[in-house]
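A.B. asks: model this:
(one chain, ligands or ions: 1)
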Amino acid sequence: MRVLVTGGAGFIGSAVCRRLVLGYGTAVVNIDKLTYAANLRSLDALAGEPGYAFEQVDICDRADVEGVFAKYEPDATIHLAAESHVDRSITGPSAFINTNVVGTYNMLEAARKYYDRLTPERRDRFRFVHVSTDEVYGSLGAAGLFCEETSYRPSSPYSASKAASDHLAHAWFKTYELPVIISNCSNNYGPYQFPEKLIPLAILNAIECKPLPIYGRGRNVRDWLYVDDHADGLIALLRCGSPGEKYNFGGNSERTNLEVVELICDTLDCMMPAPDERRSLIRFVADRPGHDLRYAIDASKARRELGWAPKGTFEKGIEQTVHWYLDNRSWWAPSRAHVYKGERLGLVRA
Ligand SMILES: NC(=O)c1ccc[n+]([C@@H]2O[C@H](COP(=O)([O-])OP(=O)(O)OC[C@H]3O[C@@H](n4cnc5c(N)ncnc54)[C@H](O)[C@@H]3O)[C@@H](O)[C@H]2O)c1
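C.D. replies: Just a heads-up that it's a prediction; the model follows:
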């Protein structure tokens, strides 16, 4: 079996590639445009693996995408390539529309053309897993959970572009019978995440004893999932997911942003004590425009139908993640020096 992974040089995509090749012995072709968020070093573990191939391809380029399908003849696709940072979508939505909407349309069309030429046996097995986010559902109040039937109410340009792509993916199933499966997952954390989002940014600032900015009063709640658990869920969809269906993945680990940053501070204080407790570095800053209050996932369908469940606790996952960033300075130091230094993004009026 060979899987075409898009966005495999990014955070979740690289975890999926490593898992497929090293964990399951599955052949992978990874296509990635290599935007600022990509890091080919995340795939160092796959160097020399005969079943692994990489092609630098922009999913907005239909001819190139069709060329990859023709050259590698994959048995399935896991489509992760996207612009993924909400703050950047507020500052500059254009790349989000291009990659997340037009790029997904290209992927679906290229896959459909390819699928239509497959033998009936190979068509039976083919799957197109479209990877999306719980942010498409909008914000929850203090109670309740998102389930697969929750209606879409995206708040940011990022989540609106992902919602649009989900609708396209579903339409390609309904109209063209492309065997699409959609996953909507809560916030991921873990090793190899580009240091612009809450957890890796807080870890690096805390390592360097720099201020730890938290939006608003830090009361926004996210349901955190360790990235390898998400990768396992996506791979389980290839085996047991039903075409035309949606599956929510979540970590059952709701935390306020303030709790998350405090845990990172305490974890680092134990591993690498600083002159002052790192909690003293926390600074409340202007809130994100349109900031959703709370996301939380009911993942019972994935548990029931895929036998999937997150492993480990949030505390353990944070400990592993902090360890990883401490041990892998050479992975993140160049990005921190040259690509993103931690400046504030995503304010409508600076
Ligand atoms: N990070 C999360 O918490 C989270 C949660 C749920 C769902 N998701 C979804 O999972 C997917 C992966 O997220 P991530 O956090 O790994 O993102 P990421 O930003 O770390 O990686 C995205 C990758 O896509 C590539 N890419 C971007 N534009 C491209 C294009 N036009 N053509 C080819 N490649 C392109 C980038 O180079 C990068 O390697 C996204 O679809 C995202 O919406 C993310």
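A.B. asks: Contact partners for the residue in the stretch 201-350 of the chain that the ligand sits nearest to?
C.D. replies: With CB to the nearest ligand atom as the measure, His230 is the residue of the stretch 201-350 of the chain nearest to the ligand, at 7.2 Å. In this view, the C-beta of every residue, glycine as well, is placed from N, C-alpha and C. Taking CB atoms under 8 Å, 6 or more residues apart in numbering, we find His230 in contact with Ile12, Ala15, Cys185, Asn188, Phe249.
A.B. asks: residues near the closest residue in space to Asn39 that isn't next to it in sequence, how many?
C.D. replies: Sequence neighbours aside, Ala9 is the residue nearest to Asn39 in space, at 6.3 Å (criterion: CB to CB, 6 or more residues apart in numbering). Ala9 has 25 neighbours, counted by other CB atoms under 10 Å.
A.B. asks: Ala9 falls within a helix, correct?
C.D. replies: No - applying DSSP: H, G, I helix; E, B strand; the rest coil, one finds Ala9 to be coil, outside a helix.
A.B. asks: Got phi/psi on it?
C.D. replies: With angles defined as degrees, to the nearest 10, Ala9 sits at phi -100, psi 0.
A.B. asks: and what of Gly251?
C.D. replies: phi -100, psi 0.
A.B. asks: Quick check: it touching Val227?
C.D. replies: No - in this structure, Gly251 is not within contact of Val227 by CB atoms under 8 Å, at 10.3 Å.
A.B. asks: now the strands for this structure?
C.D. replies: Ranges of strands in the chain, per DSSP state E, are 2-6, 27-32, 52-56, 76-79, 127-133, 180-185, 188-189, 212-215, 221-223, 225-226, 246-249, 254-256, 282-285.
A.B. asks: Nearest to Ser89, out of those?
C.D. replies: strand 127-133 (11.8 Å; CB to CB).
A.B. asks: close to the ligand, is the closest one?
C.D. replies: Yes - using CB under 6 Å from any ligand atom, we find that strand 127-133 touches the ligand at Val131, Ser132, Thr133.
A.B. asks: same thing with stretch 191-198?
C.D. replies: Yes - contact of stretch 191-198 with the ligand (CB under 6 Å from any ligand atom) involves Phe194.
A.B. asks: The residue in the stretch 1-150 of the chain that the ligand sits nearest to and Val65, how far apart?
C.D. replies: The nearest approach of the stretch 1-150 of the chain to the ligand comes at Gly10, 2.0 Å away (CB to the nearest ligand atom). From Gly10 across to Val65, the span is 17 Å (CB to CB, to the nearest Å).
A.B. asks: go on, Val348?
C.D. replies: From Val348 to Val65 the distance is 34 Å (CB to CB).
A.B. asks: now do Tyr189
C.D. replies: Noted for Tyr189: a distance of 30 Å to Val65, by CB to CB.
A.B. asks: Around the ligand, pick out the residues from the chain.
C.D. replies: So far as CB under 6 Å from any ligand atom goes, the chain lies against the ligand at 6-7, 9-13, 32-35, 37-38, 58-60, 80-84, 99, 103, 131-133, 162, 185, 187-188, 194.
A.B. asks: Tell me if I'm right that Cys185 and Val227 touch.
C.D. replies: No - counting by CB under 8 Å, Cys185 stays clear of Val227, with 9.9 Å between them.
A.B. asks: neighbour count winner among the two?
C.D. replies: More crowded of Cys185 and Val227, by other CB under 10 Å: Cys185, with 26 against 22.
A.B. asks: what's near enough to touch the more buried one?
C.D. replies: Listed by CB under 8 Å, 6+ apart, the contact partners of Cys185 are Val131, Ser132, Thr133, Asp134, Leu225, His230, Gly233, Asn248, Phe249, Gly250, Ile297.
A.B. asks: Buried members of those into ChimeraX, please.
C.D. replies: Filtering the contacts of Cys185 down to the buried ones (16 or more other CB atoms under 10 Å) takes a single ChimeraX command:
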select :131,132,133,134,225,230,233,248,249,250,297
